[in-house]
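Trainee: What follows is a predicted protein model with its sequence.
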Amino acid sequence: MWLIARRSFTEGWVRLVATLLAAVFSIGLIAGSLQFTLRAQEAVSGSDASEYAQTDVLVLGGTADPDDVYAAPDGRVALDEVAGRPGVAAVAGDAMVPVTASGPDGETIVPPAGAGTTLRPWTSQAGLNPYHLESGRAPAADGEVAVTRHVARAGKLEAGDPLRVTLPRQSREMKVVGIVTVDGRGSVARGDLVLAPPETVRRAAGLPAGTWQGVWVKAAPGVGAAQLNKDLTGALRGEDVTVRTAADVRRAHSATLQSDGTSIGGAIGMLASVSVFVGLFVVANTFGTLVRQRTRRLALLGAIGATPRQIKRLIKLEALALGIVASIGGVLLGYPVSSLLTTLFAQDGFDISAADVQYGWVALLVPAVTGVLVTQLAAWRAARKAARISPMQALRAASSDTTGRRLPRLLGALAVLAFACMFFGLVFVLRHDEPPGTDRTIGVSVMILMGAMTTVAALSILAPFFVGPLGGLVGRVGTAVSGEAGRLARATITRNPRRVSSAASSLMLGVALVGTTALIVLSVNARFAEAGEEVMRAEHAIAATGLTSSGTAPLPREVADRAAAAPGVSRAMALTGTDAKLVSPRPKSPYGDGDPTPLYLMVSGADQAALPSVLDLGGDLRPLRTGEIGLTSTIMEAQDLKKGQRIVVRGGGGRVALTIAGAYHDPSHLFADQALVSSATMDRLDPDAATQAVLVRGGTKDGLTRAVADVPGVEVLDRSAYIGTAADSMTSGMRVIYGFIGMSLVLALFGMATTVSMSVAERTREFGLLGAVGATAAQVRSIVRWEAATVVLLGSLLGVGTALGTVTLMRVGTGSSFFGQAPPWWLFALVIAGAAIVTLATSALPARRAAAVPVLEAAKAE
């Protein structure tokens with residue numbers, strides 16, 4: 001058997017190379033997706049370094065949010081209240097100000113793995129300072145900063161370079177004087193740090209002299225952290241402070257990182273499953289075609305004494321050799337694939353480059369083992385079928401299908417469809433358990449996508465049943481156009497439907513990927529544009545050019561004052577935003593089990609006098625007074641809240657009691673998606689709330705551009721341009737999705753091209769004999785082209801049908817208007833034309849080869 005396998009490899013190396021390349025690309029896509037997922041998970045959960053590494057006890061002003069370990073304390077504490085107490089060796093004041101950093105080139109420095117960038121005080125106390133200077137010196141004067149290593153690397157900074165720091169209310173240019181690490185890491189669990197002299201940070205946080213958001217405490221020699229925590233808790237009883245051991249805070253940070261890493265890994269893994277599915281599909285389809293081409297030889301081996309068991313062993317041995325080689329090449333190819341996905345993710349504001357490239361056994365062995373298993377599974381069914389063919393059947397035309405196998409194919413397709421129904425059934429569970437909102441929409445959409453992918457596999461099993469009718473239709477057209485060549489094409493198509501369906505299945509997968517993605521993107525963008533035009537009355541908007549993990553980078557609030565002073569401007573309103581936790585009443589549990597998950601509202605702040613001039617929100621919400629809040633009708637219904645009800649929310653400034661003034665609706669979801677308050681109320685909720693944009697009524701684009709010319713990293717946009725920018729920030733992460741879809745599409749088309757080429761090589765004898773009986777080269781090429789037309793028709797119909805069905809199910813399952821837009825007429829024409837061009841291009845070379853087959857060579861072919 002080994003000698004026969006070696007001979008098969010040497011004689012059929014062209015077909016094997018094509019199959020091998022398809023397998024390498026498939027396994028490379030699987031490996032790259034897995035490596036990218038592992039790296040993203042490591043980037044989120046791996047940076048567990050803590051700025052509290054040298055601290056024993058933390059005294060925090062006010063209280064801390066137990067559900068958000070990174071939230072700043074909501075109170076103030078005087079440094080003198082802690083310093084000098086028994087058991088205290090050293091103290092240092094601490095404050096956290098969210099900022100955005102930009103390098104000398106003006107590009108926003110994206111913090112690692114969805115974290116943030118925070119302005120913190122440099123700690124001069126030797127026993128409390130966790131920062132290790134890798135280069136430069138400590139910041140000493142106002143305007144000097146030290147940065148963590150990730151900031152320096154991402155921004156290409158060195159000591160002495162300028163750094164633009166955007167604070168909540170203004171933008172400042174500072175000088176980098178040092179680069180630091182924490183516990184040997186380039187960032188901390190909270191993200192990137194910009195370290196400035198303490199007084200600079202205190203003023204930026206708006207704190208009175210001598211007070212801080214928290215105090216770091218070093219225990220005196222011989223005093224344990226637990227004992228000091230107990231003593232300070234007793235000594236400060238009655239004060240509005242919270243005392244915690246630093247070890248407890250570090251453990252909470254690590255636990256949150258691990259949980260976030262698992263969530264991020266799961267989300268990306270779900271996205272990568274599309275690529276994995278395509279890879280498995282192409283490998284199985286291509287290798288199955290390779291084995292099917294050798295049915296005649298395998299059956300003849302049975303005629304000379306080979307047992308069915310030996311034939312199965314032969315094919316499995318060949319599949320093992322092919323799988324091992326393809327797995328090695330695929331694992332190596334996975335690293336550039338992962339690097340490409342990492343770059344695309346960083347362009348969307350989610351930088352995972354801080355994590356090292358993964359070389360662990362999971363990243364290496366899992367895709368390798370997957371490649372071997374897939375080739376073995378692909379060979380298993382073909383080997384069983386080849387072992388059952390009698391020698392007399394092998395003497396018939398090698399390209400004809402056997403009959404009488406319809407029932408197993410139908411049963412197999414029904415089994416796969418039943419598996420798809422499991423995903424579709426989960427849609428009803430999510431609709432029942434989850435309240436209306438973004439999370440439910442995403443969950444339902446993911447389940448429908450998983451079900452659609454599984455349905456594609458079922459359609460590929462059923463595809464041979466569609467070849468006969470479509471082949472007859474194409475054959476009749478071909479006969480009318482090409483005469484005898486069309487009649488021969490019809491005969492070859494209907495005689496072996498599996499050959500045509502194999503190529504059509506890969507094309508169907510590619511068309512389904514492109515069609516579904518295009519339909520979703522076009523529908524969502526059209527809805528954003530339509531609803532945004534309805535809501536936005538302002539002619540212009542000023543926004544930042546950079547991106548962060550949460551979307552568009554924030555603006556300093558001073559931009560609104562500059563815009564208001566521009567000639568012709570009647571209104572300039574800063575649209576701010578923050579997250580506020582609903583404290584009272586307790587959030588309703590979507591599962592009705594009495595254990596609700598925390599509810600964080602996305603609160604938008606706006607000047608109520610200017611709001612009607614720049615935005616037209618739905619509903620009858622009157623102008624809000626200080627201490628009032630407007631909620632969307634979706635939030636009020638989900639939480640059973642009423643107009644006039646008193647609620648308590650917790651923001652960056654602590655707990656604030658608010659009265660519900662009424663309900664409103666933002667159909668665009670771009671400006672005030674969940675809650676709305678006045679500017680004065682926003683200052684109480686979160687004094688450091690980010691300015692998302694400045695909406696301007698009146699003035700000209702040139703005048704506004706001149707007004708903000710000395711504020712780097714901002715741009716003036718007209719209405720439609722800003723709506724597009726805001727929509728892009730809402731749909732961040734699309735680049736990496738496009739990367740997955742694009743590579744999957746290339747792989748699907750390569751699988752189709754390989755199958756078409758192999759199907760022509762399979763019929764070398766047939767084409768040569770046609771030439772022997774008088775068929776011209778043009779007629780042979782015409783036969784191949786008409787078969788390719790059948791592939792285009794079948795693949796396009798099934799692919800477009802799958803895409804339309806998927807988006808229709810999304811619209812019905814989510815109830816979202818963003819999936820309700822009618823597809824443009826040109827989309828399907830463009831997709832089908834693209835499919836035809838690709839198919840005819842990939843069949844051109846095989847057609848020329850088929851026309852050039854000599855008669856003597858055909859006589860020797862299998």
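Mentor: It's in. Numbering: from 1, shown residues only.
Trainee: going forward, measure contacts and count neighbours with C-alpha atoms only.
Mentor: OK.
Trainee: Need the nearest residue in space to A609, chain neighbours excluded.
Mentor: Of all residues not flanking A609 in the chain, P623 sits nearest, at 7.6 Å (CA to CA, 6 or more residues apart in numbering).
Trainee: Could you pull out the strands in the stretch 651-800 of the chain for me?
Mentor: Assigned by DSSP state E, counting those that start in this stretch, the stretch 651-800 of the chain shows strands spanning 654-665, 675-678, 690-698, 714-718.
Trainee: Kindly reformat those as CSV containing distance to S26 and mean neighbour count.
Mentor: Converted to CSV, these look like this (distance: least, CA to CA, whole Å; neighbours: other CA atoms under 10 Å):
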stretch, distance to S26, mean neighbour count
strand 654-665, 46, 20
strand 675-678, 46, 26
strand 690-698, 42, 25
strand 714-718, 43, 20
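Trainee: Mind checking those strands for the one nearest to P98?
Mentor: Closest approach to P98 among the strands of the stretch 651-800 of the chain (CA to CA): strand 690-698, 8.6 Å.
Trainee: tilt between the closest one and strand 714-718?
Mentor: Counting by axes from the mean of the first three to the mean of the last three CA atoms, to 10 degrees, strand 690-698 lies at 50 degrees to strand 714-718.
Trainee: Could I get the phi/psi values of the residue nearest to A609?
Mentor: Backbone torsions of P623, given as degrees, to the nearest 10, read phi -60, psi 130.
Trainee: Could you do the one 5 residues further on as well?
Mentor: As for E628, its main-chain torsions (degrees, to the nearest 10) stand at phi -110, psi 160.
Trainee: what's across from it in the sheet?
Mentor: Counting by DSSP bridges, E628 forms beta bridges with T659.
Trainee: Was I right to think it contacts L658?
Mentor: Yes. Between E628 and L658 there is a contact at 5.1 Å, judged by CA atoms under 8 Å.
Trainee: For P823, which residues are in contact?
Mentor: Going by CA atoms under 8 Å, 6 or more residues apart in numbering, P823 touches L519, L522, S523.
Trainee: Quick check: phi and psi on it?
Mentor: The phi/psi pair for P823 (degrees, to the nearest 10) reads phi -70, psi 140.
Trainee: Give me the distance between it and L830.
Mentor: According to CA to CA, to the nearest Å, P823 stands 12 Å off from L830.
Trainee: okay, now H432: neighbour count?
Mentor: When counting by other CA atoms under 10 Å, one arrives at 13 neighbours for H432.
Trainee: what does the one 3 residues further on give?
Mentor: Residue crowding around P435 was assessed by other CA under 10 Å; the count is 20.
Trainee: Next: G222.
Mentor: Residues within reach of G222, counting by other CA under 10 Å, total 7.
Trainee: likewise A141?
Mentor: A141: 12 neighbours (other CA under 10 Å).
Trainee: Grab the nearest non-local neighbour of it.
Mentor: According to CA to CA, 6+ apart, the nearest residue to A141 is P197 (6.5 Å).
Trainee: List the contacts of the one you found.
Mentor: P121, W122, P139, A140, A141, D142, E144, V145.
Trainee: Equivalent analysis for L320, please.
Mentor: Contacts of L320 by CA under 8 Å, 6+ apart are V372, T375, Q376.
Trainee: now G87
Mentor: Counting by CA under 8 Å, 6+ apart, G87 touches A219, A220, V223, L228.
Trainee: same deal with L840?
Mentor: Taking CA under 8 Å, 6+ apart as the criterion, L840 is in contact with R785, A788, A789.
Trainee: Neighbour-wise, which one of those leads?
Mentor: When the contacts of L840 are compared by neighbour count (other CA under 10 Å), A788 ends up highest, at 26 neighbours.
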